[in-house]
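**Student:** Okay, here's the prediction I keep looking at, along with the sequence it came from:
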Amino acid sequence: WIYKDPGQLFVNLVDRGGNDHKLYSEPGVVTANVFQHVAFTYDRHSGVVTIYRNGVAVAEGNMGAARLQTRFPLYFGERPVTGG
């Protein structure tokens, strides 16, 4: 995946087997130069991942009940792999 859509939120959770579990919002969810609160949740028992903007769910998906890798860096507003 290469970043193309302005204002799109993206979450990539990696399980202990090294598998990516990605979730994207629609483009235009985030507005430049405006303060917004962004969060995501993952419920391991149901497998549901939800991305929120200003307390409202903007994307939801099911990745299954995975045990996540927790030793990777956490990035906000940057995706160093693609240089974006």
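**Tutor:** Good, I have the coordinates. Numbers count the residues shown, from 1 in each chain.

**Student:** When you work out contacts or count neighbours from here on, use the C-alpha atoms and nothing else.
**Tutor:** OK.

**Student:** measure stretch 19-28 end to end?
**Tutor:** 28 Å (CA to CA, to the nearest Å).

**Student:** Any figure for the gap between the residue positioned nearest the centre of the chain and residue 49?
**Tutor:** Nearest residue to the geometric centre of the chain (CA atoms, centre = their mean): residue 11, 1.5 Å. Using CA to CA, residue 11 is found at 9 Å from residue 49.

**Student:** what residues do these two have in common as contacts?
**Tutor:** Counting by CA atoms under 8 Å, 6 or more residues apart in numbering, the contacts common to residue 11 and residue 49 are 23, 40.

**Student:** Make sure residue 58 is actually in contact with residue 40.
**Tutor:** No: the criterion here is CA atoms under 8 Å, and residue 58 misses it with residue 40 at 9.9 Å.

**Student:** is the residue nearest to the centre of the chain in a bridge, and if so with what?
**Tutor:** Counting by DSSP bridges, residue 11 forms beta bridges with residue 23.

**Student:** Model confidence at it, what's the number?
**Tutor:** Looking at residue 11, its pLDDT stands at 89.

**Student:** quick thing: my sequence starts at 717, can you match it?
**Tutor:** Done: numbering now begins at 717, and the last item shifts to residue 727.

**Student:** relative to its centroid, which residue of the protein is most remote?
**Tutor:** residue 749 (20.2 Å).
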